[in-house]
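Chemist: Prediction below, plus the sequence it came from.
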Amino acid sequence: MAANSSALTTHVAALGESRAHGQRGISNPILGMILFIVSEVMFFAGLFAAYFNVRLNATQWPPFVNEATFKPFQIHHEIVLPAILTTILVLSSVTMQLGVSAIRRGDRTGFLRNTGITLVLGLTFLVGQVYDYTQLGFGITDTAFGSTFYTLTGFHGAHVLGGAIMLSVVLYRGMAGQFSAKHHDAVEATSIYWHFVDVVWIALFSTLYLL
């Protein structure tokens, strides 16, 4: 009788745990990241709004310098490097998602490999952006165009750096064996952030270099 009672108690406890797991919904790390992304969307929306407000109210865009066209402002003609950097960042989103898919399957090797590649691509983007800055020929104080250009791309670069730090932490924890098919919320949260950074850059590239 005691044995049956113990078995019944164990079964009920297991059933309760199973139902709790199935109904637990979104985890705290992922929910926190989603709320953070919402605040970041509003932040970048404000920056884009400021840019378009300045642009629409300017008689000439990019503005003249000493009543003449300022050659370094013609960034549309120097689009090759930014396009390459855009491709690199988009590719990093692909490898990030491959890493997420791998850890969902319990494939730690695939997860570590793709996360490492994502980190390298992100750092490559940052190095390329810094190099691009050295080739532009204008600074943040050179008219409203320079100010808005460096503000938008600079803040985005800071977010990429933050994402690279997050990826480094995830990679370190992954190498320590802290993630599995059942426990990888930090990986999911980091991937959401990284995809957001990617989408923002596509919007920036289209706005600053193509429009």
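Modeler: Okay, I see it.

Chemist: I'd like to check which residues are in contact with G99.
Modeler: G110, F111, L112, R113, N114, T115, T118, V187, S191 (C-beta atoms under 8 Å, 6 or more residues apart in numbering). Where C-beta positions appear, they are placed from N, C-alpha and C, glycine not excepted.

Chemist: Which residue, other than its chain neighbours, is closest to it?
Modeler: Distances taken as C-beta to C-beta, 6 or more residues apart in numbering put N114 closest to G99, at 3.5 Å, once the chain neighbours are dropped.

Chemist: and that neighbour, how many residues sit next to it?
Modeler: N114 has 22 neighbouring residues, counting by other C-beta atoms under 10 Å.

Chemist: Work out for me the element it sits within.
Modeler: helix 108-136 (DSSP states H and E).

Chemist: From the contact counts, what lies against the next helix or strand after that helix?
Modeler: Using DSSP H and E, the helix or strand that follows helix 108-136 towards the C-terminus is helix 143-175. If you count contacts as 3 or more C-beta pairs under 8 Å, 6 or more residues apart in numbering; DSSP states H and E, helix 143-175 packs onto helix 28-56, helix 108-136, helix 185-205.

Chemist: Dump those into CSV; add mean pLDDT and distance to M166 as well.
Modeler: Putting the helices and strands packed on helix 143-175 into CSV (pLDDT from 0 to 100; distance: least, C-beta to C-beta, whole Å) gives the following:
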stretch, mean pLDDT, distance to M166
helix 28-56, 93, 10
helix 108-136, 96, 10
helix 185-205, 96, 5
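
Chemist: Any chance of a markdown table for the ones you listed, columns distance to S147?
Modeler: What follows is the helices and strands packed on helix 143-175, written out as a markdown table (distance: least, C-beta to C-beta, whole Å):
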| stretch | distance to S147 |
| --- | --- |
| helix 28-56 | 8 |
| helix 108-136 | 13 |
| helix 185-205 | 15 |
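
Chemist: Out of the ones you listed, the one nearest V90 is which?
Modeler: Of all the helices and strands packed on helix 143-175, helix 185-205 sits nearest to V90, with 6.2 Å by C-beta to C-beta.

Chemist: Okay, buried residues for that closest one please.
Modeler: 185-198, 200-201, 204-205 (16 or more other C-beta atoms under 10 Å).

Chemist: before we move on, back to that, could you tell me the angle between the helix holding N114 and helix 143-175?
Modeler: Interaxial angle of helix 108-136 relative to helix 143-175 (axes from the mean of the first three to the mean of the last three C-alpha atoms, to 10 degrees): 160 degrees.

Chemist: Start at 509, not 1
Modeler: New numbering, starting at 509: the last item is helix 616-644.

Chemist: Give me the distance from helix 616-644 to the chain's centre.
Modeler: Relative to its chain's centre, helix 616-644 lies at 12 Å (C-alpha atoms, centre = their mean, to the nearest Å).

Chemist: other SSEs contacting that helix?
Modeler: Using 3+ C-beta pairs under 8 Å, 6+ apart, helix 616-644 sits against helix 588-612, helix 651-683, helix 693-713.

Chemist: Which residues does stretch 536-547 contact?
Modeler: I534, D693, A694, E696, A697, T698, I700, Y701, F704.

Chemist: What residues sit buried inside stretch 550-565?
Modeler: Using 16+ other C-beta under 10 Å as the test for burial, stretch 550-565 gives F552, L555, F556, Y559, V562, R563.
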